[in-house]
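A.B. asks: could you look at this predicted model? Sequence included:
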Amino acid sequence: MVHSAFDAVELVTGVPSDIVDVASYAGKLLVAVKDGSLRIYSAPPHADGQIPRDGPYALERQQPSLWRRGTPLSIEVSASRDLLLSLAECVSLHRLPGLETVAVISKTKGANLFAWDDRRGLLAVGRWKRLTIFRLDSGREFVEVREFGVPDTVKSMAWCSDNICLGIRKEYTIINSMTGALTEVFSSGRNAPPLVVALPTGELLLGKDNIGVFVDQNGKLIQDGRIIWSDMPASVAIHRPYAVARQPRHVEIRSLRAPNALVQTVVLRDVQKLVETENCILAVLARSVYGLLPVPIGAQIVQLTASGEFEEALSLCKLLPPEDSNLRAAKESSIHIRYGHFLFDNGSYEEAMEQFSDSHVDITYVLSLYPSLVLPQTHIIGQHDGLEDLPELARESSDVTDEMESYSLQLHEYGDKSPMEIKKMSHNALTALVKYLQKKRNGIIERATAEVTEEVVSGAVHHSLVLSEPYRSKKPNKKRAQTHTSSIAREMATVLDTSLLQALILTGQPSGAIELLKGLNYCDLKICKEFLEERNDYMVLLELYKSNEMHREALQLLNQLDEESKAEMGKIGFNKKFDPQMIIQYLRPLCRSDPMLVLESSLYVLEHNPSDTIELFLSENVPADLVNSYLKQHAPNLQSTYLELMLSMSVSGINPNLQNELVQLYLSEVLDWHMILKEEGNWTEKTYSPTRNKLITALENNSGYNTDTLLKRLPQDALFEERAILYGKINQHLRALSLYVHKLQMPERAVAYCDRVYEEGAQQPSKSNIYFNLLQIYLNPRKAEKEFEQKIVPVASPYTGLQKVTKVRGARMGKKVVEIEGADETRFSPSGTDSGRSDGDGDDVSGGPIMLNEALELLSQRWDRINGAQALRLLPRDTKLQDMVLFLEPLLRNSSEHRRNYMVIKNLIFRANLQVKEDLYKRRQAVLKIDGDSMCSLCHKRIANNSMYIHQV
């Protein structure tokens, strides 16, 4: 980095004696010469207070013998106090501009240097091995504050806040001006004398051979803080943002910013001293003074930008005066853009995006660097399109436009590079673009959202105003007509999100694109859809449909992808990415918002993955009636599957209507199957199909169907097992048992039926009647049929559910049949079981042959649930006693045991009664003794000879 930061102009020449030091005051130069005089030079009249660049200063006046004793060593001006501090034999103070002597500090006689703190009015003087601190009091005299001893003579010194940095021998030391505490820093090197320079920031620049080291106020090193000079400097002056070093043959100028590069070299030989002033740096030669006048910041910025030193140019922009804020912003933006193009051309894409971001250029400008991205059509005006109002900004805009045109020409040079290199460059450039767009996105999306909110609020206010004016004229008001206004923020958000989505896909970040679409986004649907379809990125396309609530298109795409996935399943290297489970997961959040769409889209997955689909309907509470009616109309073959799975998966079961619907479906299928087998001649009652098994299970386990309707649909000559189950549901047990015994010839099923009814307690008032009914069917079929016809009257229920049965007329309501097991009063007389003829002897059994063996087996197995007396009366007269042993033996044993138990209980109760009577008798024999001193418990008087009454509790 080499550019012209300073112009060397000879300001003073022809001084008759050697110059000792120079200071600046009110645009004039105060030159202290070796003969003890002070020469004052003023600028030419046309300079207007500025340092002239085209001519030397003229001698205004001379003050001979200002320092009568000794040769002046150094001078310094306090412009805020209009004072001149000087060091000759001792430190003196003169009033400016008249040079009247204000004070002379006699104690400083023999001092070799001083350091002045203009802000606080403190003066530090180094004299031999002492350091004395004075304070200027009232602008007239110095008051000694403190004095400290130091190891050796101070060679260099500078204030840094409350501390003073001293260069002693070849070491640097920090001394606290309040306490005198010394802190060693480091050495100044092998050959170089100590050099202490105070920086405007409060930090220090310390010399170490040919290196300038930056330290803080406490002497601690600052990272990356060092200037490497070409040679050991004799002295250094600071003029932001540069450090100027006095070398033997030239003046070296370097930047204070890391890496502290060389800025300029000014050839000036034998420079005796460098003096810092407000406007420039004065280079003191033997008998002349040169001014290193800073080149205007704007000109330096132009030089640096042209030479590609963009970082330095940007740092100089911060030094522009505040009143030129517009110019400063324009220059910074121009430099950032040029710097961004420079980095972009050299492959530093991320750094280029940072520069574009700092330039606050419109994102469409950056996106124009990527011709592969498709952008939506917008009405956005670029940032540099409306800058004609300010000439400086317009000039910067034209420079940027030229830069853009030159870059567009460079795009055609990519043809000379290999495809792999071009692909790598494109990937890296797009990756940097992704980070840039993500950084910009939050602010743009917030502005777009704010615009939407503002439009909604204004629309609501307008609507309320319209409603509040019902009596106004109804003529159309053209001024109030709502017209669509282009939203700049929303268009910008659309451009950003559309570009970001494409960049994410092109850089292989589909997950990032999905995350973008899951949140609030403004992606252009048409462009993104075509882009994703072209690249077959279906997962992102699905999320795009979802974010735009295009659920029907998304589900159609999922069905298509699943079908294609199945078609390619047999190929080598197949990796299944899409399955019906993805459709189910997509449908899950839609169950509450759009159940009809879910039903329309679930036919495919209900056919291929029914259990998960039913689980979806149940977990998301899709109305079952709605699902059933839709399937009944559009997919009747799936209706039973849905109801079956719903019945098996639902904890609380399904409502009676759906139960009835399921049973009706089963029955219809079974009837069709029965007709086919009947026509083929293969039908038997013991022939079962899977559907018939389901029907029988549903009839047994459920109770929500319409029994009367089902009975009417059953054929008279078939499906007796189903009919028996239905008879059992409406408590027509005789008819159900008759079907099991005579039609189905399944006595074991009849016994199981009786056990179930007995255990459920459905037969009232006597639990044993159900077994007695079965005995009647076994032993007297004709009588059982007659009783059935007399007692059982079927009642059709108008609603779905269990059928009610009317009460049996003529039933004995007053007297309860006493079971033989629990009746100790039962007497076994000849007329009970043995005497006379049994009930079955006089009946004509025309309903079928009696089933004595089954009856005896039932009695032997269920003797504890059957009334023994009634059973014995029902048995045929010729029944052998030996065949009834298995029935009578446990019955009589149980009856005897119960009788003995009842006798024991009776005796125990009798004994307890006697005990109670005895206790009562003893209590009634209580004796009460009364003498002359006995007192009444109520009146508390003596009883004596009075009558009394004893109340027994």
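C.D. replies: Received, thanks. Everything numeric in this text was worked out from a predicted model, so none of it was measured.

A.B. asks: contacts and neighbour counts: CA atoms only from here.
C.D. replies: Noted.

A.B. asks: now do the same end-to-end measure for stretch 7-26.
C.D. replies: 21 Å (C-alpha to C-alpha, to the nearest Å).

A.B. asks: any idea how far that stretch is from the chain center?
C.D. replies: Remark: stretch 7-26 is offset 70 Å from the chain centroid, using C-alpha atoms, centre = their mean, to the nearest Å.

A.B. asks: for it, list every residue counted as buried.
C.D. replies: 8-13, 19-25 (16 or more other C-alpha atoms under 10 Å).

A.B. asks: wait, which of those is closest to residue 529?
C.D. replies: residue 8 (65.8 Å; C-alpha to C-alpha).

A.B. asks: need the buried residues of stretch 7-26 in TSV (columns: distance to residue 935, pLDDT and secondary structure).
C.D. replies: Compiled in TSV, the buried residues of stretch 7-26 are given as follows (distance: C-alpha to C-alpha, whole Å; pLDDT from 0 to 100; DSSP: H, G, I helix; E, B strand; the rest coil):
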residue	distance to residue 935	pLDDT	secondary structure
8	143	91	strand
9	144	91	strand
10	146	90	strand
11	145	91	strand
12	146	92	strand
13	150	90	coil
19	144	92	strand
20	141	92	strand
21	139	93	strand
22	138	94	strand
23	135	94	strand
24	135	92	strand
25	134	91	strand
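
A.B. asks: quick one: the residue positioned nearest the centre of the chain and residue 443, what's the gap?
C.D. replies: For the chain, residue 519 is the residue whose C-alpha lies nearest the centre (C-alpha atoms, centre = their mean; 10.3 Å). Separation of residue 519 from residue 443 (C-alpha to C-alpha): 15 Å.

A.B. asks: quick one: the strands in the stretch 251-400 of the chain, in order.
C.D. replies: 251-255, 262-266, 273-276, 281-284, 289-294 (DSSP state E, counting those that start in this stretch).

A.B. asks: any idea which of those strands gets closest to residue 886?
C.D. replies: Of all these, strand 251-255 comes closest under C-alpha to C-alpha, at 122.1 Å.

A.B. asks: work out the gap between that closest one and the centre of the chain.
C.D. replies: With C-alpha atoms, centre = their mean, you get 54 Å for strand 251-255.

A.B. asks: same check, this time on stretch 449-460
C.D. replies: That offset, for stretch 449-460, works out to 26 Å (C-alpha atoms, centre = their mean).

A.B. asks: which sections of the stretch 601-750 of the chain are below the confidence cut-off?
C.D. replies: 649-654 (pLDDT under 70).

A.B. asks: just the helices in it please.
C.D. replies: 603-608, 610-619, 624-634, 639-649, 656-680, 690-701, 707-713, 720-729, 733-738, 747-760 (DSSP state H, counting those that start in this stretch).

A.B. asks: buried ones in the first one?
C.D. replies: Of the residues in helix 603-608, those scored as buried under the neighbour-count criterion (16+ other C-alpha under 10 Å) are 603, 605, 606, 607.

A.B. asks: now stretch 37-46
C.D. replies: Buried residues in stretch 37-46, defined by neighbour count with 16+ other C-alpha under 10 Å: 37, 38, 39, 40, 41, 42, 43, 44.

A.B. asks: what do you get for stretch 879-893?
C.D. replies: 886, 887, 888, 891.

A.B. asks: next, the distance between the ends of it.
C.D. replies: Span of stretch 879-893 from end to end, C-alpha to C-alpha: 21 Å.

A.B. asks: how far is it from where the chain is centred?
C.D. replies: Worked out by C-alpha atoms, centre = their mean, stretch 879-893 lies 81 Å from the chain centre.

A.B. asks: so who does residue 670 touch?
C.D. replies: Remark: with contacts taken as C-alpha atoms under 8 Å, 6 or more residues apart in numbering, residue 670 is in contact with 691, 692.

A.B. asks: mind checking how far it is from residue 713?
C.D. replies: In terms of C-alpha to C-alpha, residue 670 sits 11 Å off from residue 713.

A.B. asks: now residue 143: which helix or strand?
C.D. replies: Secondary structure assignment for residue 143, by DSSP states H and E: strand 141-149.

A.B. asks: show me where pLDDT drops low in the chain?
C.D. replies: For the chain, the ranges with pLDDT under 70 are 1, 46-55, 379-425, 459-486, 568-577, 649-654, 762-768, 781-848, 926, 951-953.

A.B. asks: kindly recompute the last result at 50.
C.D. replies: Across the chain, the ranges flagged by pLDDT under 50 are 381-398, 400-401, 403-415, 470-485, 572-575, 763, 765-768, 790-847.

A.B. asks: still on that earlier bit, switch the buried residues of stretch 879-893 over to JSON lines; also include secondary structure.
C.D. replies: Converted to JSON lines, the buried residues of stretch 879-893 look like this (DSSP: H, G, I helix; E, B strand; the rest coil):
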{"residue": "886", "secondary structure": "helix"}
{"residue": "887", "secondary structure": "helix"}
{"residue": "888", "secondary structure": "helix"}
{"residue": "891", "secondary structure": "helix"}
